[in-house]
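[1] here's a sequence, model it:
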Amino acid sequence: VQLAESGGGSVQAGGSLRLSCTASGDTYNGYCMGWFRQAPGKEREEVAVIDKDGSTTYADSVKGRFTISQDNAKNTLYLQMNSLKPEDTGMYYCAADPVVYLWYRVEQYSFWGQGTQVTVSS
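    Presented below is the predicted three-dimensional model:
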């Protein structure tokens, strides 16, 4: 499956952005889909995941502010980000795998997009 992110940009603290990830090349419903991010000089970290049954899990740092969702008809994954903070700055990646046991582990995902940059200024 091929993944392509969009929707990144620069916003002030407290603002909102919605990221999109469009999947192609395989049956979208057969994958667990996640969002990860990576700040300069730091390791890639988990943000949120949506499983094949639609259940969602979030990193503690984004709970209550970010919402992951999907539109199966459009083969598209979304990440609505509200109340953005400077520490949310980074490259955001979409990831997918047919089977994920530990959703927060980068190595669990076989497919990755190229990323979209999010910059939050104070």
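[2] quick one, strands of this protein?
    With strands called from DSSP state E, the chain shows them at 2-6, 9-12, 17-24, 32-38, 45-50, 56-58, 66-71, 76-81, 90-97, 111-112, 116-121.
[3] ok, residues contacting the shortest one?
    Taking CB atoms under 8 Å, 6 or more residues apart in numbering as the criterion, the residues outside strand 111-112 that touch it are Val1, Gln2, Leu3, Tyr31, Tyr93, Cys94, Ala95, Ala96, Asp97. All C-beta atoms are positioned from the backbone trio N, CA, C, and that covers glycine.
[4] who does the residue nearest the centre of the chain form a beta bridge with?
    In the chain, the centroid-proximal residue (CA atoms, centre = their mean) is Trp35; its distance is 2.1 Å. Counting by DSSP bridges, Trp35 forms beta bridges with Ala48, Cys94.
[5] ok, Cys21 next?
    Residues in beta-bridge contact with Cys21 (DSSP bridges): Glu5, Leu77.
[6] show me the contacts for it.
    Leu3, Ala4, Glu5, Ser6, Met33, Trp35, Thr76, Leu77, Tyr78, Leu79, Cys94, Gly113.
[7] cool, Gly113 as well?
    Leu3, Ala4, Glu5, Cys21, Tyr93, Cys94, Ala95.
[8] now swap in Ser122 and tell me
    Gln12, Ala13, Pro86.
[9] what's the answer for Thr76, then?
    Neighbours of Thr76 in contact, by CB under 8 Å, 6+ apart: Ser20, Cys21, Thr22, Ala23, Gln70.
[10] go again with 10 Å.
    Ala4, Ser6, Ser20, Cys21, Thr22, Ala23, Tyr28, Met33, Ser69, Gln70, Cys94 (CB atoms under 10 Å, 6 or more residues apart in numbering).
[11] also Val11?
    Contacts of Val11 (CB under 10 Å, 6+ apart): Leu17, Met81, Leu84, Asp88, Thr89, Val118, Thr119, Val120, Ser121.
[12] and the nearest residue to Trp103 once chain neighbours are set aside, how many neighbours does it have?
    Closest residue in space to Trp103, ignoring its immediate chain neighbours: Val49 at 4.1 Å, by CB to CB, 6 or more residues apart in numbering. Per other CB atoms under 10 Å, the neighbour tally for Val49 reads 22.
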